[in-house]
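Show me the folded form of this:
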Amino acid sequence: MAVFGMKQIIIITSIIITLFILNIASGQSGYVISGKIVDDQQKPLAGANIFVPEFQSGTVSADDGTYRLEKLKKGRVKIQFSFIGYKTLIKDTVISDEDLVIDIMLYFSTLLSQEVVVSGGRPSSQHETALKVETIKLTAIKSTANPSLMKSIANIPGVDVISKGSGVTSPVIRGLSTSNILVLNNGIRLENYQFSANHPYLIDEFGTDRVEVIKGPASLIYGPNAIGGVINFIREKPANSGSITGDANLQYYSNTNGVTANLGIKGTGNKLFWGVRGGMKSNMDYLQGSGNFVPNTRFNQASIKTFGGLRTKSGFFRIYYDYIKMKAGMCVLPVIPVITERGRKNRIWYQDLDMHLVASQNTFYHKDFKLQANLAYQNNHRRLKGDETEPQFTLVDTKLNTFNYEVKSDYAPSVRFNFIMAIQGMYQQNKNQEAPEHVLPDYALNDIGLSAMSQLDQNQVHLQVGLRFDNRIIDVPEQEMHGHHHGEGEHEEDEPEGQVFEPLHKYYGNISGSIGLTYEWSDQFLLRVNLASAYRTPNIAELTQDGVHGTRYEQGNRDLTSQRNYEADLNLHYHSRSWMFDIAGYYNFILEYIFLAPTSDTTSEGQFIYRYLQNDASIYGLEAIIEALAMPELNIKGTFSYIRGRQSDGDNLPFIPQNKLKIDIKWLRKELWELGNFYIRAGMGIAMDQDEPALFETKTGGYLLCDAGVGFSIKTSSGPIQFDIVATNIFNKQYIDHLSTLKELGYQDPGLNVMVNINVPFSVKK
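Got it, this is the predicted structure:
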C-alpha cells in the first residue's frame, strides 16, 4: 500500500511541476474589461469590489466609479460586483477577440443576494447550480458573537452543531454528522479524526472570506463521506492588483472572558500575489444562565496561514501553508471534583492538537480546456492529556498523515456547455506513538475515484448530470491491542496484556451519481430539482474499535458494508427588490445506516457490549427563508427548519436537531451623521421540544433566546473601520440544546454573552 501511494504522489507531483514550468514560460498579455459603477441615483460608487473568481483577480472602483480588469483570458467569465449595503450583482459575460466595456448599477438593499459559489463543481451563481449551496460571509460569522466557528455557521437553516462546550464542536447538516459529512479547507478535505463528535476540526475563521454549505449528497464532486453534505471554508481573496493591504481584528466575549485577535497583510503585483495572517483565541470556562461555570470547557487556539501565487495569461499557480494549534478542555466526570475554580489554562483532561497543511492549487488554460491540478498534505497530531497527578499523563498520542490529489479537466466548447472529468484520490496512514491508549489502530487507507459531470445552460434551463466510481482499500496490520477511553469512570486496561489484533484488509467499490435541473421561470422566480446518490464506507473506528469509549464498551464490526444515501430535493425561490422567499423540501433514504446499539453480549467483567450495526433509515425535512423590506432601510428576516429521522424499525436516529424558528429585524442606514453603514438589529430564536430522542438520548424541552446588536463604520483612506457590539441570550435564559453532549452531566448551554468587535484595515501601497 505504501509503495502504491508513493507512486501516485510522484506521478501527480511531476505533472504539476511540468505544467508550472510551461505556465511560467507563457506570455503575459490578455484582455481588458473596464467600465463605471454607479448607484440607483446615478452617483459614482468609489471603493466597490470587482472580482473574477476564475482568475482570483479583482480590483476596486476609483473615486469616479471607474474600474479596470486586466490580463483576462478569452472565454466565458463571471464577474461579481459588490459594495457594502448594496445588492451584489453577478455578470456573466464572454471575452472574444476584443476588450469589453461594462457599466454597472448597484441598488441599495439589505436583502440577501446571491454569490458566486465554487463548491458546486465550478464557479457559478447560486441560481445556476443544481445543488443547494448556502453561503455565509465572514461579517455574518462575526455578528453571531460566538467564539466557536462551527457554532457561528449554525444560523443557516438545516445546519446545526453537536457541542461539548465552546471549543469541542462538530457540525450537523440535515441530521447527518461526523463521518457522514465533509469539512473542506478551501476545497481540501480535512482529516481530523472526525469519526467522533468529541474530536473538533482544526480550522478557524482567520483569513476566511465566506463559508459555502452544500446541503445534501455531494459524493459526485467530493467522493466518500459527502453523504449528508459539505462545508467549505473559502479563503480570503488576494489583494487588488498593484496594492499591499491588511487588517487587524480584535474581539472580546464577556461570557468566556475570551479574546480573539488576528492580523493579516497581503499584496498583489504584476504577476505575483502573496499573503500572511496570524491569529489566536483564548477562552475561560463558559458561564451558564445560572451564573455557574462549566468546568474544563476552556480552550486556547493559535494559527498562522500563508499563501503565494503566480498569475499569467494561461493560468495561475497557488501554494498555501496553514498551521493550527489547539488545546480544548474536556468536561468529563473526573474533572468535576477537581476543577473548582474557573480558569483559562489547560491543565488536565484536554486534547492537545496541531495540524500542518500544505496545498498546491493550480489552474492552466489552453483554448477551450481548463486543467486543474491540486495537491495537499496534512499532518495531524492528536494527544489526549489525562490527570497530571497520575503516572501516565498522555493517554493518547497518534499521528495521521494524509496526502490528497486531484486532476480535473474542464472542456467548454461553447458558453452553454461544459464537460468536467476528474481523478481524485487520498492516501492516509495512522501511526500510534508511545502513549498506552490506541483510539484507532495503526492503518493505511487508499482512495482513488473517477468522475464525469456535464453542465448545460440553455436560456432559462441549467441541467447538471454526473457519474462517479470510487475505490477504497483499508489495511490494518497485525498489532498489539489497546483499550481507550475519554475520561468517564476509572481507567483500566480493557484488553489482556499482549493480546494481538488480527489484521484486516477491506476493499470497497461504489458508484455515485446525480441529475439536477434549475429552471429560471423568470428573472425573479426559479425552481430547482435534484436527485442524487452518495455513499460512505465504514470508518476505522466502526470496523476495529474494541474498548471502553466514554462510559460504554464499544466494539467494531468487520462485516459492515457501505452506507448509501438517495436524496430527492425540491427548492422554490422568489426574489424582488423588496422581498425574498425560499423554501426547500428533501427526503433521504439511507441504505445500511451505521449506528451503535447495545447487545446481550458482555465482557469478562460483566460489562454490556455496544456494537456497530446497520439498518435502513430515512431523514426528511423542510427549510424556509422569508426576507422582506418593510421600509427601504428596515429588513425583516425569518427562517424555519423542520427535520425528522428514524430507522426502518421505527427507532429514532441520534443527533437530530430540534425544529427551529428564527426572526431577525435590522435597520440599516448608509450614512448617519459621520458614520457609515449604521445598523441596529434584534432577533429571537425558538427551538421546539425534541420529544423523539434516539436510544442513548433523552427528551429535550424547547427554549427561546433573544439577541441584539449595533454597528457602524468610520471611513478612512485605507477603508472603513468597523465597530460592532452584539449581545446573545440577553435575558440569561437557562436552557439545554438537544445536541449538547454535556446534557447527560446536567450542564446548561451558555448564558448572556456580549461581544465587542473592531476591525481596522490599513494600506501599505495602492
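
Phi first, then psi, for Lys313.
phi -60, psi -40 (degrees, to the nearest 10).

Correct me if wrong: it contacts Ser57.
No. The pair Lys313 / Ser57 is not scored as a contact, 11.7 Å apart, by CB atoms under 8 Å. Where C-beta positions appear, they are placed from N, C-alpha and C, glycine not excepted.

of the two, who's got more company?
More crowded of Lys313 and Ser57, by other CB atoms under 10 Å: Ser57, with 23 against 18.

From Thr139, how far out is the more buried one?
22 Å (CB to CB, to the nearest Å).

same deal with Asn430?
Applying CB to CB, the value for Asn430 to Thr139 is 38 Å.

again, but for Gln607
Distance of Gln607 to Thr139, computed by CB to CB: 51 Å.

Then Val183?
In terms of CB to CB, Val183 sits 21 Å off from Thr139.

Have a look at the two and say which one is more surrounded.
Neighbour count, other CB under 10 Å: between Val183 and Thr139, Val183 has more, with 21 against 14.

What strand or helix carries that one?
Assigned by DSSP states H and E, Val183 falls within strand 182-185.

so what does the next helix or strand after that strand touch, helix or strand wise?
Using DSSP H and E, the helix or strand that follows strand 182-185 towards the C-terminus is strand 188-189. Where contact means 3 or more CB pairs under 8 Å, 6 or more residues apart in numbering; DSSP states H and E, strand 188-189 is packed against strand 369-385.

The helix or strand following the strand it packs on: how far from the chain's middle?
Moving toward the C-terminus from strand 369-385, the next helix or strand (DSSP H and E) is strand 394-414. Distance of strand 394-414 from its chain centroid, counting by CA atoms, centre = their mean, to the nearest Å, is 15 Å.

got it, and stretch 323-341?
Relative to the centre of its chain, stretch 323-341 is centred 25 Å away, using CA atoms, centre = their mean.

now the strand or helix carrying Ile448 against strand 394-414, angle please.
Here Ile448 sits within strand 443-458, counting by DSSP H and E. In terms of direction (axes from the mean of the first three to the mean of the last three CA atoms, to 10 degrees), strand 443-458 departs from strand 394-414 by 30 degrees.

for strand 443-458, packing partners?
helix 2-25, helix 219-222, strand 417-432, strand 461-476, helix 540-544.

Go again with 6 Å.
If you count contacts as 3 or more CB pairs under 6 Å, 6 or more residues apart in numbering; DSSP states H and E, strand 443-458 packs onto strand 417-432, strand 461-476.

Sort out which residues of stretch 392-406 are buried, please.
The neighbour-count check on stretch 392-406 (16 or more other CB atoms under 10 Å) flags 395-398, 400-406 as buried.

What is the nearest of these to Leu69?
Glu406 (27.8 Å; CB to CB).

The closest one pairs with what?
Under the criterion DSSP bridges, Glu406 forms beta bridges with Asn374, Gln424.

Quick check: pLDDT value at it.
In this model, Glu406 is scored at 94, pLDDT.

now it: how far from Gly187?
Separation of Glu406 from Gly187 (CB to CB) stands at 8 Å.

Give the intersection of the neighbour lists for the two.
Here Glu406 and Gly187 have no joint contacts, going by CB atoms under 6 Å, 6 or more residues apart in numbering.

how does this protein divide up, domain by domain?
Domain assignment of the chain by automatic domain parsing yields the ranges 2-21+121-387+399-468+512-765, 33-114.

looking at those, which one has the lowest mean pLDDT?
The weakest mean pLDDT among the domains of the chain belongs to domain 33-114, with a mean of 80.

Quick one: end-to-end length of it, please.
22 Å (CA to CA, to the nearest Å).

Near Gly466, how many other residues are there?
Using other CB under 10 Å, Gly466 has 22 other residues around it.

how about the nearest residue in space to it that is not next to it in sequence, what does it touch?
Nearest-residue entry for Gly466: Met453, 3.4 Å, with adjacent residues in sequence omitted and distances by CB to CB, 6 or more residues apart in numbering. Met453 sits next to 121, 420, 466 when contact means CB under 6 Å, 6+ apart.

In TSV: those residues, plus distance to Asp582.
TSV is the format used below for the contacts of Met453 (distance: CB to CB, whole Å):
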residue	distance to Asp582
Gly121	21
Ile420	27
Gly466	24
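
Now the nearest residue to Asp322 once chain neighbours are set aside: which helix or strand?
Computed as CB to CB, 6+ apart, the closest residue to Asp322 that is not its neighbour in sequence is Leu357, at 4.3 Å. Assigned by DSSP H and E, Leu357 belongs to strand 350-366.

now Trp274
According to DSSP H and E, Trp274 maps onto strand 272-283.

Return the list of strands paired to the helix or strand following that strand, each annotated with direction.
Following strand 272-283 in sequence order, the next helix or strand is strand 299-312 (DSSP H and E). Using DSSP bridges, the strands paired with strand 299-312 are strand 272-283 (antiparallel), strand 315-329 (antiparallel).

hang on, Ala152 in a strand?
Quick fix: residue 152 is Ser, not Ala. No. Assigned with DSSP: H, G, I helix; E, B strand; the rest coil, Ser152 falls outside any strand and is helix.

contacting residues for the residue nearest in space to the middle of the chain?
Nearest to the mean C-alpha position of the chain, counting by CA atoms, centre = their mean, stands Ile231 at 3.1 Å. Listed by CB under 6 Å, 6+ apart, the contact set of Ile231 reads 171, 183, 213.
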